[in-house]
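Undergrad: Need coordinates for the below:
(one chain, ligands or ions: 1)
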Amino acid sequence: MTNAVKIETVENVAVIEVSNPPVNALSQAVRAGLADCVAQANANETVQAVVICCEGRTFIAGADIREFGKPHAEPSLPAVIETIEASAKPVVASLHGTVLGGGLEVALGAHYRIAQPNTRFGLPEVTLGLLPGAGGTQRLPRVVPVKMALDMITSGRQIKVAEAQEAGLVDAVADQDDPRTAGIAYAMTLLSEGKLARPTGALPCNSAEDGLFDTARATLAKKMRGQFAPQKCVDAIENATKLPITEGLAQERAFFQDLMNGDQRSALIHAFFSERQVGKLPEIKDVSPRDIAAIGVVGGGTMGAGIAVSSLLAGLTVTLIERDQASADRATSSVSKMLEGSVKRGKLSQAAFDDILANRFAATSDYQDLANADIVVEAVFESLEVKKDVFGQLDAICKPGAILASNTSYLDVNAIAEMTKRPEDVIGLHFFSPAHVMKLLEVVVADKTSAEVVATGFAFAKKLRKVAVRSGVCDGFIGNRLLSHYRQAMDGVVIAGASPYDVDRALVNFGMAMGPFSVADLAGLDIGWATRKRLAPTRDPREMYAEFSDRLCEKDRFGRKTGRGFYIYEDGKPSADPEVLEIIAAERTDNGVKAQEISDQEIVDRYMAAMINEAARVLEEGIALRPLDVDVTLLNGYGFPRWRGGPMQYADTVGLDKILNDIKRLSQEDDFMWQPAPLLERLVAEGKTFADLNG
Ligand code: 3H9
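TA: Next up is the predicted model:
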């Protein structure tokens, strides 16, 4: 027996307790310990019932994902669960915390389930590119309706106790707050009622309504485009309704192994761990963040209002400053509209909505109202002069220790910090639009920003339930700097012969949430235009400059907000516009370019090569600390397909030599745009990967 699992007898009940912090994952030691203890309990004549429970903050939260991709160590989880299910004595799983994945499968292998009132249940394997591989697809639809099992398994969503009890997943809700005591008491009650072992696998599978599986396949093909696991989940659950359990389990195992060996599984697990690693930075280790309760926001446009809403939804108090009372009133109405949306989606109660507007939100035109703010986020017009002016005013008014943050998406945070007498308190907090929805927050650390302020930036992001990535200062930080570069590569593809619609289609098929020209229309073409004008004086004459975007802006075609950009929007629906193609064709003619046929694969290759090459530079300059910071940025702010893991993971998957070869090939057409990044060349020469740099 191992330390991870211990067994003790209390009267006639054997209590098997797992202790494997932090989340009691099913490592080899836990699996072996469970099987061993269940065998001991069955061999012990004084034992009449068995309880499985866990120490710490949660029941088992799943298989140990760190073991995935490594050689398998016996016993396997399916075998352990079969041992539990085959126990001649009734087995009770006493649940608390988050009962997830393999943890829920262990609970389904037990004969009875009792749960603490705030327990949550889920089979999130699909979010890791897998299906439940230890009987979950076969046992869950034997306990709850098939439709519900299908929904839980293909979405990975967690359910609460009330739903679990109503569906039959838990038999009882505990009235003692200790899972061990609750489990023992429940086991004794079952014994007193003469209850026997009740193996889930021996129950008939619930029946499915006609067409359920085909509809699910079609819906998932759209909703989880490009992913294999959701379809395999449907196949496995359909098997449960048709095959004997032993065959269903064997098929499930085969599907699981297939998915386990695939790139999508490694990419999704890379994303999972990277999002947990991204906030672990040497500079803030053991540094306590400052307290944050009162937030100031300067500017009540879409961004400012979104930042205010995000903070309000996190329980913070917000004072928003606009230039005059009329603008402040408009900002109040935008904020309350966004909050109403949250009420409609069931994310906010009507009472909480009323409380926010009455007590936690104010919009004014008086900077003095920011005197007590713990942090002020500036979200005014993207002009260095305007921002410098705002920071001068904030410096004069805000209390000592208040953090002054800029939401700039490109500008120099060092120059902004210089406008204050407290550059150590100045930081960039780059939110993404809509700020109350998008997960990413770039925490931009300027030369003089103190570690305490960086730590507070990360703590603030956590409060807002956002994923924060550290970025150094450069034009566009991590995300927008990459975007400028791959967008330029796509402008090159368009001049060479593809249409913006070809580019968007190829990249959406690759898995991007949107193509770059649709993104530009959504952001507003005037934004990119302003940036191009700002950078014009420093532009290198060797740089290829496509003018078609400027031509559109000159015609006041600023994208969605004006109803026309690269696309025409009617009732919000985009369609291709022949006039755009004419503008592009004219530019080709002016430059003596003969349009070539460019395949979708070539579009993807150029897009990825540009993104990866620039990311290698961003890494070498220390703007991003590790490749995983780049991946987390692109996954959470730029619609990069999670199942490809991010651009750095993608590069490792296809091979860095292939990326370098693409760049070298393209440099024959444009040797300014396509200069290989020295880091990429070095990694290829040394036979290394980006993952090797993650530490
Ligand atoms: C599965 O079960 C397959 C089976 O069907 C079949 C098998 C044959 N393994 O998220 P947190 C670490 S697939 C290893 O910050 P929270 C995590 O990396 C699995 N480590 O805490 C972090 O480490 P560190 C299905 C894990 O309170 C620490 O624990 N299960 C695992 O915000 C704390 O994590 C899942 O997909 C794991 N399974 O959230 C559940 N899980 O401190 C995945 C966590 O070194 N986990 N760690 O950075 C979660 O969703 C959340 O971690 C949980 C806690 C909700 C449990």
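
Undergrad: what's near enough to touch the residue of the stretch 301-450 of the chain at minimum distance from the ligand?
TA: Per CB to the nearest ligand atom, residue 439 is where the stretch 301-450 of the chain lies closest to the ligand, at 14.4 Å. Bear in mind the C-beta positions are built from the backbone N, C-alpha and C, glycine included. Listed by CB atoms under 8 Å, 6 or more residues apart in numbering, the contact set of residue 439 reads 465, 466, 467, 636, 637.

Undergrad: Which of those residues fall in helices?
TA: 636, 637 (DSSP state H).

Undergrad: Going by distance to the ligand, which of the contacts of residue 439 wins?
TA: Distances from the ligand to the contacts of residue 439, taken by CB to the nearest ligand atom, are shortest for residue 465, at 10.6 Å.

Undergrad: ok, for the closest one, nearest residue in space, not its chain neighbours?
TA: Nearest residue to residue 465, sequence neighbours excluded (CB to CB, 6 or more residues apart in numbering): residue 314, at 7.0 Å.

Undergrad: Spit out the contact partners of residue 519.
TA: residue 639.

Undergrad: How far does the helix or strand of the chain with the lowest mean pLDDT sit from its chain's centre?
TA: Within the chain, no helix or strand scores below helix 525-535, which has a mean of 88 by mean pLDDT, DSSP states H and E. Centroid separation between helix 525-535 and its chain, computed with CA atoms, centre = their mean, to the nearest Å, is 29 Å.

Undergrad: and what of stretch 539-556?
TA: 34 Å.

Undergrad: Stretch 330-345 too?
TA: 24 Å.

Undergrad: In PDB, could you pull the C-alpha coordinates for it?
TA: Below are the C-alpha coordinates for stretch 330-345, written out as PDB (Å, rounded to 0.1, in the frame of the first residue of the first chain):
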ATOM      1  CA  ARG A 330     -23.700  57.700 -22.600                       C
ATOM      2  CA  ALA A 331     -21.100  55.600 -20.800                       C
ATOM      3  CA  THR A 332     -23.600  54.700 -18.100                       C
ATOM      4  CA  SER A 333     -26.100  53.600 -20.600                       C
ATOM      5  CA  SER A 334     -23.400  51.400 -22.400                       C
ATOM      6  CA  VAL A 335     -22.400  49.800 -19.100                       C
ATOM      7  CA  SER A 336     -26.000  49.100 -18.100                       C
ATOM      8  CA  LYS A 337     -26.700  47.600 -21.600                       C
ATOM      9  CA  MET A 338     -23.800  45.200 -21.200                       C
ATOM     10  CA  LEU A 339     -24.900  44.300 -17.700                       C
ATOM     11  CA  GLU A 340     -28.400  43.700 -19.000                       C
ATOM     12  CA  GLY A 341     -26.900  41.200 -21.400                       C
ATOM     13  CA  SER A 342     -25.400  39.400 -18.400                       C
ATOM     14  CA  VAL A 343     -28.800  39.300 -16.700                       C
ATOM     15  CA  LYS A 344     -30.300  37.900 -19.900                       C
ATOM     16  CA  ARG A 345     -27.700  35.200 -20.100                       C
END
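
Undergrad: residues touching the residue of the stretch 401-550 of the chain found nearest the ligand, list them.
TA: For the stretch 401-550 of the chain, the residue closest to the ligand is residue 462, as judged by CB to the nearest ligand atom, at 9.9 Å. Applying CB under 8 Å, 6+ apart to residue 462 gives the contacts 279, 468.

Undergrad: Report the buried residues of the helix or strand hosting it.
TA: Using DSSP states H and E, residue 462 sits in helix 451-463. For helix 451-463, burial by neighbour count (16 or more other CB atoms under 10 Å) applies to 451, 452, 453, 454, 455, 456, 457, 458, 459, 460, 461, 463.
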